[in-house]
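Novice: need the 3D shape of this:
(one chain, ligands or ions: 1)
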Amino acid sequence: MTKPPSIVILTGAGISAESGIDTFRGGGGLWEQHRVEDVATPEAFARDPDLVLRFYDMRRAAIQTKLPNAAHQALARLEREWPGRVTVVTQNVDDLHERGGSQGVIHMHGEHLSAWCTACDTRHRWTGPLLDRPPCPTCGARALRPDIVWFGEIPYRMDDIQRALADADLFVSIGTSGAVYPAAGFVRLARELGARTLELNLERSQGSAWFDESRLGPASAVVTGWVEDLLT
Ligand code: APR
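Specialist: You can find the predicted model right below:
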């Protein structure tokens, strides 16, 4: 019996844009309003922890007011109905895939709703602020930081991602500009390992030439359309 095709899906900020969460690049993007070096590096946190904690406290509060959109829900439907394996790898730090119904999502850049204790190396689901230096629920140290992979840090679960890419028959990239590595390199890796590659994005991404096919438009339309095509 042949194995049903495995699908690996990489998502970025574009999939959450229609839920009202800012993307990073382009007009009005988050990195136009804040400098990466001020809020998203370990050096920034060492230099001015209050500024960094305030920034992430705001973002953590904001995402909890947003709702998953049709694109998140379509990926959850695909996971439920596709006979083969579906692995969602996201660069997003919101929880909209989970609230849309996806399970086992790999958050390679961390999660807003998680706090990491740098004293005892435990992680805790976190919905409130960190600016007031709450104690770690495990060890009591006031050493919690946002569980976010900052620039210069190594993304999470790269081994799991490599394994999923090696097993993929189809690699799909959704709502990401292809500007940030290593995620931007997954398309080439997936191709080399034998997968077909598809891009679903508002506009062509930086790595567009590496995709066998591009479907352009807002995620709520192109992702739902693609899932519908695949399942019928
Ligand atoms: N539907 C589909 N795509 C969209 C939509 C939409 N409604 N709106 C915007 N896009 C596309 C943009 O055209 C762009 O190509 O989503 C992409 C968003 O790109 P970025 O803002 O660069 O976000 P992302 O690729 O996720 O960024 C990668 O950079 O700063 C870091 O850690 C941060 O995880 C993030 C990483």
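Novice: can we go C-alpha only for contacts and neighbour counts from here?
Specialist: OK.
Novice: what average pLDDT does the lengthiest strand in the chain get?
Specialist: With residue count as the measure and DSSP state E as the assignment, the chain has strand 110-117 as its longest strand. Confidence over strand 110-117 (mean pLDDT, whole number) is 98.
Novice: and that strand, what does it pack onto?
Specialist: Taking 3 or more C-alpha pairs under 8 Å, 6 or more residues apart in numbering; DSSP states H and E as the contact definition, the neighbouring helices and strands of strand 110-117 are helix 49-63, strand 123-125, strand 144-148.
Novice: can you rerun that using 7 Å?
Specialist: Of the remaining helices and strands, those touching strand 110-117 by 3 or more C-alpha pairs under 7 Å, 6 or more residues apart in numbering; DSSP states H and E are strand 123-125, strand 144-148.
Novice: among those, which is nearest the ligand?
Specialist: For the ligand, the closest of those is strand 144-148, at 8.4 Å, according to C-alpha to the nearest ligand atom.
Novice: and the closest one, what other elements does it pack with?
Specialist: When contacts are defined as 3+ C-alpha pairs under 7 Å, 6+ apart, strand 144-148 sits against strand 110-117.
Novice: quick one: strands adjacent to the strand it packs on?
Specialist: Sheet neighbours of strand 110-117, with direction, are listed as strand 123-125 (antiparallel), strand 144-148 (antiparallel) (DSSP bridges).
Novice: I'd like to know how many residues surround the residue nearest to residue 54 when sequence neighbours are not counted.
Specialist: With sequence-adjacent residues excluded and distances taken as C-alpha to C-alpha, 6 or more residues apart in numbering, residue 54 is closest to residue 131, at 6.0 Å. Applying other C-alpha atoms under 10 Å, we find 17 residues neighbouring residue 131.
Novice: shouldn't residue 131 be within a strand?
Specialist: No. When DSSP: H, G, I helix; E, B strand; the rest coil is applied, residue 131 is found to be coil, with no strand at that position.
Novice: OK, contacts around it?
Specialist: Under the criterion of C-alpha atoms under 7 Å, 6 or more residues apart in numbering, the neighbours of residue 131 are 50, 53-54.
Novice: follow-up on the earlier one: gap between the longest strand of the chain and the chain center?
Specialist: For strand 110-117, the distance from its own C-alpha centre to the chain's C-alpha centre is 13 Å (C-alpha atoms, centre = their mean, to the nearest Å).
Novice: how far off helix 49-63 does it point, in degrees?
Specialist: 130 degrees (axes from the mean of the first three to the mean of the last three C-alpha atoms, to 10 degrees).
Novice: quick one: residues in contact with strand 110-117.
Specialist: 60, 93-94, 122-127, 136, 143-149.
Novice: do the lowest-mean-pLDDT helix or strand in the chain and the ligand meet?
Specialist: Using mean pLDDT, DSSP states H and E, helix 30-33 stands out as the lowest-scoring helix or strand of the chain, at a mean of 83. No. Residues of helix 30-33 contacting the ligand under C-alpha under 6 Å from any ligand atom: none, with a closest distance of 7.3 Å.
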